[in-house]
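**Student:** starting from these lines, generate the structure:
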Amino acid sequence: MEEYKKFFRQITVSIAIIMIIFVIGIIGFMILEKWSFFDAFYVTAITLSTVGYEMPYKISNVTKVFDALLIFSGISVVLYLISSLTALFVEGDFKKILGVLKMMKRLENISDHYIVVGGGKTGEYIIDDFMKNGVPHVVIEDDEKKIEKLLSRDEYKDLNYIIGDAKEEDVLIKANIFDAKGLLLTLPSDIDNLYIALTAKTLNPALYVVSRANDAEELRKLLYAGVDNVILPPEITGKRMSSMVLRPNVLSFFESFQMDFGENFNFEEVKIPDNSWMIGKKLRELEIPKKIDLVVIAVRNNRKTQFNPKSELVIKKGDSLVVIGDKEKIEKLKHYVIMQE
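**Tutor:** Reported below is the predicted structural model:
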């Protein structure tokens, strides 16, 4: 990204210098030869363009020296500009710049997306999952090398990213945080994650924030800052290792689950809108297994989860259905909950 900014600066500076030289030429001819503006403009134009026309008037030796300096200055800047443009096409950077411009256009229109702060190992796992599930997202990373590493993968060619420090409001605003759905903080520093969470919640109080934390003592501070969920990697690693010893068969079952059923088979939580026809009806009346071919494994409300819900369970406002099944059928369920009875 910085290379592209540098290139655009070079082009802009080159054009600005040419315009300055042009203005100097007009003013110089007007002063040295007492020409009118249009005569000075015309002579400056043919001088800088080096078209080879003769001077329309006899000029003094001082003016000849001035004219020669204009020619050399103009040629030097034009050659520099041409060499920059040639390098742009020859080295294949033009296609990359077009990709960056397209990405910037996508960022302007993106909404209901997730912002992933950090393009390291943790962030890469999140991006992989979002890419596979078609979830719109933007990655914020201050290390350009990490972004280049991600872009080197073919599946990341359309990655939306911003190179910058997420602790700065302007960077979060560039990621369109006002229209974002959620924020995922993966930085190794708990303090940085805490600061970003506070800033993000100030800009968008409705934002759903998930953060990692290395220290259990920082967990409470993150929750106070408005983080909705905090993940402790050491705790997860410890529980996984103990499960490998205490419940190896159960763990093996879950690990092989995705492999056996394929990537299109998934767990998902489907929110029931407040105006859904399902409100007030019993679970058996919805006939989800029959009409959608999905299994309802839980019903959630206000973070309380009722697993293996009974068929007589009445659906209330704020409920979500946790289902397991094919992704296409899950999408069908999302439309089913809002359709008229």
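**Student:** and the helix or strand harbouring Tyr42, what does it pack against?
**Tutor:** Take DSSP states H and E as the rule and Tyr42 turns out to sit in helix 37-49. If contacts are counted by 3 or more C-beta pairs under 8 Å, 6 or more residues apart in numbering; DSSP states H and E, helix 37-49 sits against helix 2-33, helix 61-90. Glycine gets a C-beta too; all of them are placed from N, C-alpha and C.
**Student:** list the contacts of Thr222.
**Tutor:** No Thr there; residue 222 is Leu. Each residue near Leu222 by C-beta atoms under 8 Å, 6 or more residues apart in numbering is listed here: Asp190, Asn193, Leu194, Ala197, Ser211, Ala213, Val230.
**Student:** neighbours of the second one, how many?
**Tutor:** In other words, Asn193. 29 (other C-beta atoms under 10 Å).
**Student:** so it is in which element?
**Tutor:** Asn193 belongs to helix 190-203 when elements are defined using DSSP H and E.
**Student:** now do the buried residues in the helix or strand that that helix is followed by.
**Tutor:** Using DSSP H and E, the helix or strand that follows helix 190-203 in sequence is strand 208-212. Neighbour-count burial for strand 208-212, counted by 16 or more other C-beta atoms under 10 Å, picks out Val209, Val210, Ser211, Arg212.
**Student:** only C-alpha atoms, please: export whichever helix or strand comes after strand 208-212 in CSV.
**Tutor:** Using DSSP H and E, the helix or strand that follows strand 208-212 in sequence is helix 216-224. Only the C-alpha atoms of helix 216-224 are listed here, as CSV (Å, rounded to 0.1, in the frame of the first residue of the first chain):
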residue,chain,number,x,y,z
ALA,A,216,-7.3,-13.9,33.0
GLU,A,217,-6.9,-10.7,35.1
GLU,A,218,-7.6,-8.6,32.0
LEU,A,219,-10.8,-10.5,31.2
ARG,A,220,-12.9,-8.4,33.6
LYS,A,221,-11.5,-5.1,32.3
LEU,A,222,-12.4,-6.1,28.7
LEU,A,223,-16.0,-7.0,29.8
TYR,A,224,-16.2,-3.6,31.6
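**Student:** just want the angle from helix 216-224 to helix 190-203.
**Tutor:** Relative orientation of helix 216-224 versus helix 190-203 (axes from the mean of the first three to the mean of the last three C-alpha atoms, to 10 degrees): 10 degrees.
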